[in-house]
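A.B. asks: Using only what follows, build the 3D model:
(one chain, ligands or ions: 2)
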Amino acid sequence: MSAVRNLSGALFNLVFPDDCRICEQPLENVSRIPVCPSCLSLPQPLQAESFCRACRTPFVDSYPLDEYDLCTVCRERQVNFDATYSFGSYEGPLRNLIHLFKYAKVETLALPLTRFLIRAMPLDQRFDLVIAMPMHWRKRWERGFNQAALLAQPLAKHYGLKLATNLRRKRYTKSQAGLTEAQRQQNLKNSFCVRRAGQIAGKRVLLVDDVLTTGATLRAAASALKSAGAAHVSALTLARVDRRTFGGRFAFEERRPGSTAFVAGGVN
Ligand SMILES: [Zn+2]
Ligand SMILES: [Zn+2]
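C.D. replies: Ligands and ions are numbered 1, 2, ... in the order given. Take a look at the predicted model:
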């Protein structure tokens, strides 16, 4: 009898889908995505009281912005990318989905996650190329895929844009811990290179990544692209780390000469 029950159980699992990997409720529809529609619809767009007009960094109030709505970094022209766009904050349901995608390697989440990127896409901007934030081959080999590439492919297809692979990660980025400010910048500065720079020259580039953390990696990538002649570099990410909840500003806002506040340990 128990053998029959086991057999029917096995058959049941074959025919009917599993539980949602997030809320653990049984999935009602057969799908390659192991997350229920409700959990997929939970992430909410970023809410911020103020945004820098140039880089789109959100702030808790308008205090860090000048009369032109620019943040300190943009005002002092320390920023080398043109803008950042993110769907939501890196917390709660969106963070859960990104973790499932990136660390539990549920690659079928790429399409539903790309829909959040599409919702965050600026309507008043035009781009020539989409580039996935590259991963060093060793890291890619360890993880098995580059999550940014899985997001960039359907995004480029949706907008009929060219997906370029000219940006490369040159070397395995060392840990940022214990380095001086100058060493940190140098460490990341040489971590990207552009192949066939002629294809980038004069182009408006959209860099796609899953999460924007401190912006340090974005600055290094943007620096390589601008050196290759890119006319514009913006970043589009699913989520950004929201430091407002910790009462602080964004890391690159804190990154002033002589400052030790900028900690970019887990560079992303
Ligand atoms: Zn669910
Ligand atoms: Zn700014």
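A.B. asks: Ala182 - how many residues pack around it?
C.D. replies: Ala182 is flanked by 9 other residues according to other CB atoms under 10 Å. Every C-beta, even on glycine, is put in place using the N, C-alpha and C of the backbone.
A.B. asks: Okay, and it sits in which element?
C.D. replies: Ala182 is part of helix 181-189, with elements assigned from DSSP states H and E.
A.B. asks: same question for that helix, mean pLDDT?
C.D. replies: Mean per-residue pLDDT for helix 181-189: 71.
A.B. asks: Which residues of this protein lie near ligand 1?
C.D. replies: The chain has residues 20, 22-23, 36, 39 near ligand 1, with proximity defined as CB under 5 Å from the ion.
A.B. asks: Show only the entries of the residues you listed found in helices.
C.D. replies: Of the positions in the residues of the chain next to ligand 1, Cys39 sit in helices, assigned by DSSP state H.
A.B. asks: tell me the SS of Gly88?
C.D. replies: strand (DSSP: H, G, I helix; E, B strand; the rest coil).
A.B. asks: now it: how far from ligand 2?
C.D. replies: Using CB to the ion, to the nearest Å, Gly88 is found at 19 Å from ligand 2.
A.B. asks: go on, Cys20?
C.D. replies: 38 Å.
A.B. asks: correct me, but that residue touches Glu28?
C.D. replies: No - Cys20 sits out of contact with Glu28 when judged by CB atoms under 8 Å, with a separation of 9.6 Å.
A.B. asks: so what's in contact with these two at the same time?
C.D. replies: Residues touching both Cys20 and Glu28 by CB atoms under 8 Å, 6 or more residues apart in numbering: Cys36.
A.B. asks: which one of the two has more residues nearby?
C.D. replies: Between Cys20 and Glu28, counted using other CB under 10 Å, Cys20 has the larger neighbour count: 19 against 11.
A.B. asks: Look up the closest residue to the more buried one, ignoring the ones flanking it.
C.D. replies: Cys36 (4.0 Å; CB to CB, 6 or more residues apart in numbering).
A.B. asks: show me the contacts for that neighbour.
C.D. replies: Applying CB under 8 Å, 6+ apart, one finds that Cys36 lies in contact with 20, 22-23, 25, 27-28.
A.B. asks: now, among the residues you listed, which is nearest to Ala148?
C.D. replies: Ile22 (21.9 Å; CB to CB).
A.B. asks: The closest one against Leu94, yeah?
C.D. replies: No - with contacts counted by CB under 8 Å, Ile22 stays clear of Leu94, the gap being 11.1 Å.
A.B. asks: ok, these two, which is more surrounded?
C.D. replies: Leu94 (23 against 18).
A.B. asks: What does the more buried one show for phi and psi?
C.D. replies: With angles defined as degrees, to the nearest 10, Leu94 shows backbone torsions of phi -70, psi -40.
A.B. asks: And for the one 3 residues further on?
C.D. replies: Backbone torsions of Leu97, given as degrees, to the nearest 10, read phi -70, psi -40.
A.B. asks: Equivalent analysis for Leu163, please.
C.D. replies: Given degrees, to the nearest 10, the pair of backbone angles that Leu163 has is phi -100, psi 110.
A.B. asks: now it, which residues is it bridged with?
C.D. replies: Taking DSSP bridges, one obtains Val130 as the residues bridged to Leu163.
A.B. asks: what helix or strand is the nearest residue to Leu42 once chain neighbours are set aside on?
C.D. replies: Spatially, and ignoring its direct neighbours in sequence, Leu42 is nearest to Pro93 (3.7 Å; CB to CB, 6+ apart). Assigned by DSSP H and E, Pro93 falls within helix 92-102.
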